[in-house]
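**Q** I would like to see how this sequence folds:
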Amino acid sequence: MNINIVEIGKTFMILFAVIDIVGSIPVIIKIKEKAGDIHPLRASLVALGLMITFLFAGEILLGVLGVDIKAFAVAGSLILFALSFELIFGVELFKGDDDFGSKIVAVVPIAFPLIAGAGTMTTLISLRVDFAAINIAIAVVLNIVVVFVVLSLTKQIEKILGQGGIAILKKAFGIILLAIAVKLFTENIQELL
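**A** Here you go, the predicted structure:
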């Protein structure tokens, strides 16, 4: 076990940028408006479980299922595209399920694909080339702590921003999310065709 603070710092920053939980606040607020409580601990733990599992067994798991990592990334990009469409145009594509309510929203779309999405999963596999798995795992845990704090403080952040600030953030982040979705889609679709 080779724990290296520099590697942890580098992988933390890379994952922090990919997860972009601060930039996801408008999406989280939008989901919260529809579902009510988003269960920060449940969403954080599910995302942590998905990320750690994928870190150590991602390529194997996708291989067993017959799913290429590129196909996984394209599927994730389509979900991100739909979320961005909602934010930009104010339309509702993801309808709440009355049977599950906020219990399932902690998993879909908060834990997956917002936190532990295709971009994050692809990044985890890519990081394995240059960094020790233990250092990546520690960086994942540290990022999940940040995610939990942001999810827990969503109400306070919403009060600070106000309705106008939230509306501006939604539109701006919708465009950024759309650009990320397009980039993820175009980078991966060519190899599938």
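**Q** quick one: low-confidence ranges for the chain?
**A** When residues are selected by pLDDT under 70, those of the chain lie in 94-106.
**Q** if we use 50, what do you get?
**A** The chain contains residues with pLDDT under 50 at 97-100.
**Q** the residue nearest to the spatial centre of it and residue 31: what is the separation?
**A** Residue closest to the average C-alpha location in the chain (Cα atoms, centre = their mean): residue 115, at 2.2 Å. Using Cβ to Cβ, to the nearest Å, one obtains 12 Å as the distance from residue 115 to residue 31. Placement of C-beta: from N, CA and C, glycine included.
**Q** how far away from the center of its chain is the strand or helix carrying residue 167?
**A** Element membership for residue 167, per DSSP states H and E: helix 154-192. Centroid separation for helix 154-192 versus its chain: 11 Å, with Cα atoms, centre = their mean, to the nearest Å.
**Q** show me what that helix is packed up against.
**A** Helices and strands touching helix 154-192, by 3 or more Cβ pairs under 8 Å, 6 or more residues apart in numbering; DSSP states H and E, are helix 25-35, helix 69-89, helix 118-130.
**Q** nearest to residue 4, of the ones you listed?
**A** helix 118-130 (11.6 Å; Cβ to Cβ).
**Q** now the helix or strand following the closest one: buried residues?
**A** Per DSSP H and E, the first helix or strand lying C-terminal to helix 118-130 is helix 133-152. Buried residues in helix 133-152, counted by 16 or more other Cβ atoms under 10 Å: 135-140, 142-144, 146-148, 150-151.
**Q** repeat that for stretch 150-163.
**A** 150, 151, 154, 157, 158, 161.
**Q** surely the third one meets residue 29?
**A** Which is residue 154. Yes. Between residue 154 and residue 29 there is a contact under Cβ atoms under 8 Å: 6.5 Å.
**Q** residue 38: what secondary structure?
**A** Recorded secondary structure, residue 38: coil (DSSP: H, G, I helix; E, B strand; the rest coil).
**Q** can you pull the buried residues of whichever strand or helix holds residue 48?
**A** Using DSSP H and E, the element containing residue 48 is helix 40-65. The neighbour-count check on helix 40-65 (16+ other Cβ under 10 Å) flags 40, 42-44, 46-48, 50-52, 54-55, 58, 62 as buried.
**Q** just want the angle from that helix to helix 154-192.
**A** Relative orientation of helix 40-65 versus helix 154-192 (axes from the mean of the first three to the mean of the last three Cα atoms, to 10 degrees): 10 degrees.
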